[in-house]
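Undergrad: Return atomic coordinates for the entry below.
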Amino acid sequence: MNKFSNKSIEELGFYVYSLVDPRDGKIFYIGKGCGNRVFQHCEAALQGDEVSLKLNLIREIISLGLQVEHYILRHKLSEKEAFQIESVLIDFLTYPKFNTEQILTNIVSGHHQWDEVLKPLMRLMQSMIVNELR
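TA: Numbering: from 1, shown residues only. This is a model prediction of the structure:
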């Protein structure tokens, strides 16, 4: 499948998705989208010559006769909810203490979530105290 029907697009609304390498079952990209966004990465890899970790990995998978696996992680979201979920998942999957392998090929770590990123509790509390003193 490389395209949703109009009915499916309506039903999905905004969604958060992952791209998975079929060779090892690992997520290599988290994204937020609507419409057929989830499929556009593979199209870009096949039709363009842009170089990036994500596109190069997709090309490698396709060159082996395999298909990137697509997962819709949450759907029927507002755009704001989709941005937040995307950001949380990227933070969680790239936080060094939880994940010593750099598995995601995302260039951006979620959109506009810099002040709300994953932090150890003590550091979060320190930031909140500093903000209260201002």
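
Undergrad: who touches stretch 49-62?
TA: If you take CB atoms under 8 Å, 6 or more residues apart in numbering as the criterion, stretch 49-62 is touched by 19, 21-23, 28-29, 41-42, 44-46, 48, 67-68, 105-107. Bear in mind the C-beta positions are built from the backbone N, C-alpha and C, glycine included.

Undergrad: what's residue 64 in contact with, if anything?
TA: Residue 64 is in contact with residue 23, counting by CB under 8 Å, 6+ apart.

Undergrad: where along the protein do the helices fall?
TA: Counting by DSSP state H, the chain has helices at residues 6-12, 37-47, 53-63, 79-94, 121-133.

Undergrad: Deepest-packed of those helices, please.
TA: Per-stretch averages of neighbours, counted by mean count of other CB atoms under 10 Å, single out helix 79-94 among these, with a mean of 19.

Undergrad: what's it packed up against?
TA: Using 3 or more CB pairs under 8 Å, 6 or more residues apart in numbering; DSSP states H and E as the contact test, the elements touching helix 79-94 are strand 14-21, strand 26-33, strand 69-77.

Undergrad: what's the burial count for the residue lying closest to residue 89 once chain neighbours are set aside?
TA: Counting by CB to CB, 6 or more residues apart in numbering, residue 30 is the residue found nearest to residue 89 once chain neighbours are left out, at 4.8 Å. Per other CB atoms under 10 Å, the neighbour tally for residue 30 reads 26.

Undergrad: Could you do residue 25 as well?
TA: Neighbours around residue 25, by other CB under 10 Å: 8.

Undergrad: Perfect, I'm done here.
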